[in-house]
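**Q** Below are the sequence and a predicted model; questions follow.
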Amino acid sequence: MRFEFEHLGTTTPFELSEGLHLLGGGPEDHIRLEGLPPRLLSLRIECQRLMVEAALTFTVNGVLAPPGVPRLVLPGEVLGLPEEMCLRVLQQTEGERGVGTVAVLKGLLTGAEELAPSRAATLTCLTGLDVGRTHALAEQCTPIGRGREVTLRLRDRAVSRTHARILHGEDGFTLEDLDSPNGVFVNGQRVRGRAPLVDGDVIELGRSLLRFQAPLAEPPPPEEGTAGSEVAPADPAARDAVQEPGAPMPATDAPTPASPSGARRPRGEWWLIGVGAVAAIIGLAVTYALAGTG
């Protein structure tokens with residue numbers, strides 16, 4: 001997994017393999033950065049998933065993260081460290097997008113080996129027993145809570161049975177608090193009634209953190225005239241050329257199209273048809289005369 005450490009305008013890139021890595025300013029830290037407390041962060045990388053636990057309070061994209069609580073950090077997020085330092089988790093590939101729960105279940109049932117990225121908006125659990133779980137917001141209303149009747153169920157005792165819900169309308173996605181005792185927070189700010197959601201927002205319910213990811217944009221529709229075979233533009237020189245009287249027609253490799261049934265027949269063809277009709281009449285007359293004489 002690739003990272004960038006930034007301090008005083010200087011950026012230092014580095015990579016970490018899977019396993020547990022300690023970051024801080026102590027001699028036992030695997031990644032030693034002067035000016036940081038010893039063993040400040042523990043970075044655990046498993047299957048391209050990064051779990052971060054800190055000895056002190058830090059921030060992720062400007063949202064405070066409590067110490068001693070493991071938190072899932074996604075590619076593209078930035079960890080705020082003391083002394084105005086920051087650690088940026090770089091994207092693995094451009095356009096990388098996780099698959100939603102619905103797509104995962106469909107893949108398991110059909111035996112599909114590869115799953116297409118979900119275009120729906122998603123919620124990813126960053127902490128708690130459901131860490132790493134991704135839920136696709138494919139419905140107009142998604143209730144969230146601890147009860148069995150909700151769509152997105154969290155295994156968190158601090159979450160109410162029906163804690164909040166996410167509404168999807170023409171104006172986008174909206175988070176609504178359903179009068180929960182512990183409240184709902186977006187990026188550290190308590191929600192009073194309803195609040196709009198934008199890509200990257202962190203929702204806090206009880207002791208659970210959920211990261212909202214906006215839906216992928218639909219590809220633009222094909223332009224008119226692009227469907228079907230393309231017609232090659234006419235050559236301006238050939239289009240403007242004037243055929244001289246008596247000049248031979250230019251040769252072409254294209255076959256001559258067949259004449260439709262209602263097209264006018266050439267003059268020579270009508271002459272042959274007339275000769276055939278006269279011969280038939282003469283034949284009938286000769287046959288009749290021979291029969292009369294017999």
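**A** Sure thing, it's come through.
**Q** Val184 contacts Ile166, correct?
**A** No - applying C-beta atoms under 8 Å, one finds Val184 not in contact with Ile166, separated by 10.5 Å. (Glycine included, C-beta is placed from N, CA and C.)
**Q** Quickly list what's touching both of those two.
**A** In terms of C-beta atoms under 8 Å, 6 or more residues apart in numbering, Val184 and Ile166 are both contacted by the residues Leu175.
**Q** my guess is Leu87 is in a strand, correct?
**A** Yes - under DSSP: H, G, I helix; E, B strand; the rest coil, Leu87 sits within a strand.
**Q** Quick one: neighbours of it, just the number.
**A** Residues near Leu87, counting by other C-beta atoms under 10 Å, number 24.
**Q** So what sits opposite it in the bridge?
**A** Phe5, Leu79 (DSSP bridges).
**Q** Does it touch Arg2 like I think?
**A** No - using C-beta under 8 Å, Leu87 makes no contact with Arg2, being 11.4 Å away.
**Q** what's the following helix or strand after the least confident helix or strand in the chain by mean pLDDT?
**A** None of the helices or strands of the chain scores lower by mean pLDDT, DSSP states H and E than helix 101-110, at a mean of 44. Per DSSP states H and E, the first helix or strand lying C-terminal to helix 101-110 is strand 121-125.
**Q** what helices or strands is that next one leaning on?
**A** strand 134-137, strand 208-213 (3 or more C-beta pairs under 8 Å, 6 or more residues apart in numbering; DSSP states H and E).
**Q** quick one: contacts of it?
**A** So strand 121-125 is contacted by 72, 74, 98, 100, 131-137, 152, 154, 166, 168, 173, 203, 208-215 (C-beta under 8 Å, 6+ apart).
**Q** Can you flag the buried ones in those?
**A** The neighbour count (16 or more other C-beta atoms under 10 Å) marks 72, 74, 98, 100, 131, 133-137, 152, 154, 166, 168, 173, 203, 208-215 as buried among those.
**Q** Enumerate every residue touching Gly128.
**A** With C-beta under 8 Å, 6+ apart, Gly128 has these contacts: Leu154, Arg155, Asp156, Arg207, Ser208, Leu209.
**Q** Can you give me every residue that contacts Glu15?
**A** Here Glu15 is in contact with Met1, Arg2, Phe3 (C-beta under 8 Å, 6+ apart).
**Q** could you dump those residues to a markdown table with secondary structure?
**A** As requested, the contacts of Glu15 are arranged in a markdown table below (three-state DSSP):
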| residue | secondary structure |
| --- | --- |
| Met1 | coil |
| Arg2 | strand |
| Phe3 | strand |
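**Q** looking at these, which has the most residues close by?
**A** Neighbour counts for the contacts of Glu15 (other C-beta under 10 Å) peak at Phe3, which has 19 neighbours.
**Q** ok, of the contacts of Gly128, which one's closest to Gly80?
**A** Nearest to Gly80 among these: Leu209, at 15.6 Å, using C-beta to C-beta.
**Q** Would you check how far apart the closest one and Gln92 are?
**A** Separation of Leu209 from Gln92 (C-beta to C-beta, to the nearest Å) stands at 22 Å.
**Q** Over to His21?
**A** His21 is 18 Å from Gln92, by C-beta to C-beta.
**Q** so Gly68 makes contact with Val52?
**A** No - Gly68 lies out of contact with Val52 (C-beta under 8 Å); the separation is 11.6 Å.
**Q** what about those two, which has more around it?
**A** The neighbour comparison of Gly68 against Val52 (other C-beta under 10 Å) goes to Val52, with 22 against 9.
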